[in-house]
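Engineer: here is a sequence together with a model predicted from it:
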Amino acid sequence: MSADYTRLLDRRLGAFMHVEFKTDGREIVDYAVVLLIQVDGEIETVRLSDGAHGENELHRYHREGIKQPGEIFHRGTLAQGMRAAI
């Protein structure tokens, strides 16, 4: 099963969090938690936490939209990493 949702974090800043995840039974098998911000009417990605490679990684983005290599931010399960990212 897969699901996703978006939450407004700060209306004044135009900050949003978008979450997508996939499960196999009760186990999280992949996820992405994206921090987005509105700049000059455009939505830009600031950070991405994901489990795409089976590890909990954090990617930062430059203002030019360039995604940086992932850094492991949590050594636990993907479910634990997803909760930590949120």
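Structural biologist: Received, thanks.

Engineer: find the centremost residue of this protein, please.
Structural biologist: Nearest to the geometric centre of the chain sits Val33, at 1.8 Å (Cα atoms, centre = their mean).

Engineer: how about Ala84, phi and psi?
Structural biologist: For Ala84, the backbone dihedrals (degrees, to the nearest 10) come out as phi -70, psi -40.

Engineer: show me where this protein has its strands.
Structural biologist: Secondary structure of the chain, counting by DSSP state E: strands at 2-10, 15-24, 27-39, 42-50, 56-60, 71-74.

Engineer: highest mean neighbour count out of the ones you listed?
Structural biologist: strand 56-60 (a mean of 19; mean count of other Cβ atoms under 10 Å). Placement of C-beta: from N, CA and C, glycine included.

Engineer: for Asp40, see how far away the residue nearest to the centre of the chain is.
Structural biologist: As judged by Cβ to Cβ, to the nearest Å, Val33 and Asp40 stand 24 Å apart.

Engineer: swap in Asn56?
Structural biologist: Counting by Cβ to Cβ - Asn56 and Asp40 are separated by 32 Å.

Engineer: kindly report the same for Ala15.
Structural biologist: From Ala15 across to Asp40, the span is 15 Å (Cβ to Cβ).

Engineer: do Asp50 as well
Structural biologist: Using Cβ to Cβ, Asp50 is found at 26 Å from Asp40.

Engineer: what do you get for Met1?
Structural biologist: 37 Å.

Engineer: cool, and His59?
Structural biologist: From His59 to Asp40 the distance is 23 Å (Cβ to Cβ).

Engineer: then Gly70?
Structural biologist: 28 Å.

Engineer: list the residues that contact the nearest residue to Val33 once chain neighbours are set aside.
Structural biologist: With Cβ to Cβ, 6 or more residues apart in numbering as the criterion, Val33 has its nearest non-adjacent residue at 4.0 Å, and that residue is Ala85. Contacts for Ala85 were tallied using Cβ atoms under 8 Å, 6 or more residues apart in numbering; they are 31, 33, 49, 56, 58, 73-74.

Engineer: same list (those residues) but as CSV, adding distance to Ile66 and pLDDT.
Structural biologist: As requested, these are arranged in CSV below (distance: Cβ to Cβ, whole Å; pLDDT from 0 to 100):
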residue, distance to Ile66, pLDDT
Tyr31, 22, 98
Val33, 19, 98
Ser49, 17, 98
Asn56, 22, 98
Leu58, 15, 98
Phe73, 19, 97
His74, 24, 97
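
Engineer: this completes my enquiry, with thanks.
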